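# Generate a structure from the sequence data that follows.
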Amino acid sequence: MKTQAVKLSLLALLCGVWQARAAVINGGFESGLSGWSRMDQLGSDGTFSLQTGTTSPVNMITVPAPPQGSNAAMTDAQGPGSHVLFQDFLVPTGITSASISFRLYVNNGATAFSTPNSLDFSTPTLNQQARVDILGTAADPFSLVAADILQNLFRTQIGDPLVSGYALYTADVTSLFQARAGQTLRLRFAEVDNVSIMNFGVDDVAMNTGSTSGVPEPTYWAPMAGVLAAGVYSRLRKR
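Alright, predicted model coming up:
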């Protein structure tokens, strides 16, 4: 019994080392929307749904296939709405560099983007836009208050192409992560449309950091944790 307890403790420790440095869970949506939270403004039509193949989830509009794996997340609806997809994450400590990357698809059925400082679809103001931000976890998921937005990573602008993607975007977040080391922050993908149909596709979300601690990153620890855990189990079993 004592050996079993030691074994489980060591396995938990090994897995915990990796999990403590993990950032984005299920960034490729291959496990559905597990790890992500969705919110839709009251009265909205549609939501973020899984996109597979080459059609949108609701209107069956022809869209590009997910660029990474079989799934992506995409907004689609037959009426106006405001939608957010977000995930909270722990900022690592002791980092020397950090970036967040993602692939986005935008299909704007209107004749232009409209970009008021709001994610509210229910006002007379034209509002047709998409954006990616890092927020504090205390902020309203739909907030565009300057104090709530710690860093904007992407946003559509008036004059942008109406259809684009899946394009790769990479944002440097080193300064933010160094200032917020050890804190929990929120990565948010947001889309609002009250002019015409709009699709906002998200895939291949990843976080990459360099560390002063010499501790390898999650891509290294994932297989290594399994190898080390197996070795510990084997030694304990022999004893």
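# Need the residues that contact stretch 110-124.
Contacts to stretch 110-124, defined as C-beta atoms under 8 Å, 6 or more residues apart in numbering, come from residues 41, 43-44, 80-82, 84, 125-129, 142-144, 155-160, 162, 190, 192-196, 198. (Glycine included, C-beta is placed from N, CA and C.)
# What subset of the residues you listed is buried?
Neighbour-count burial (16 or more other C-beta atoms under 10 Å) is assigned, among the contacts of stretch 110-124, to 41, 44, 80-82, 84, 127-129, 142-144, 156, 160, 162, 190, 192-195, 198.
# Which of the residues you listed fall within helices?
Among the buried ones among the contacts of stretch 110-124, DSSP state H puts none in helices.
# Next step: the residues you listed restricted to strands.
Per DSSP state E, strands hold the following members of these: 81-82, 84, 128-129, 190, 192-193, 198.
# mind saving the C-alpha coords of the one helix or strand residue 186 maps to as CSV?
In this assignment (DSSP states H and E), residue 186 forms part of strand 184-193. Only the C-alpha atoms of strand 184-193 are listed here, as CSV (Å, rounded to 0.1, in the frame of the first residue of the first chain):
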residue,chain,number,x,y,z
THR,A,184,-4.4,33.8,-14.6
LEU,A,185,-5.4,35.6,-17.8
ARG,A,186,-8.1,35.0,-20.4
LEU,A,187,-7.6,34.5,-24.2
ARG,A,188,-10.7,35.6,-26.0
PHE,A,189,-12.0,35.2,-29.6
ALA,A,190,-14.9,37.5,-30.3
GLU,A,191,-17.3,38.1,-33.2
VAL,A,192,-20.3,40.4,-33.6
ASP,A,193,-22.6,40.9,-36.6
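# That one pairs with which strands?
strand 81-90 (antiparallel), strand 128-136 (antiparallel) (DSSP bridges).
# distance between stretch 178-195 and the chain's centre?
Average the C-alpha atoms of stretch 178-195, do the same for its chain, and the two points are 9 Å apart (C-alpha atoms, centre = their mean, to the nearest Å).
# Then stretch 38-55?
15 Å.
# Distance across that stretch, terminal residue to terminal residue?
21 Å (C-alpha to C-alpha, to the nearest Å).
# mind listing what's buried in that stretch?
Buried residues in stretch 38-55 (16+ other C-beta under 10 Å): 38-41, 44, 46-49, 51.
# what would those look like in TSV with pLDDT and distance to residue 119?
Formatted as TSV, the buried residues of stretch 38-55 follow (pLDDT from 0 to 100; distance: C-beta to C-beta, whole Å):
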residue	pLDDT	distance to residue 119
38	98	14
39	98	10
40	98	11
41	98	7
44	98	11
46	97	14
47	98	14
48	98	14
49	98	19
51	98	21
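# Max pairwise distance over those: which two?
Using C-beta to C-beta, the pair of these lying farthest apart is 41 and 51, separated by 21.0 Å.
# Could you list the low-confidence segments of this protein?
Residue ranges of the chain with pLDDT under 70: 1-22, 212-239.
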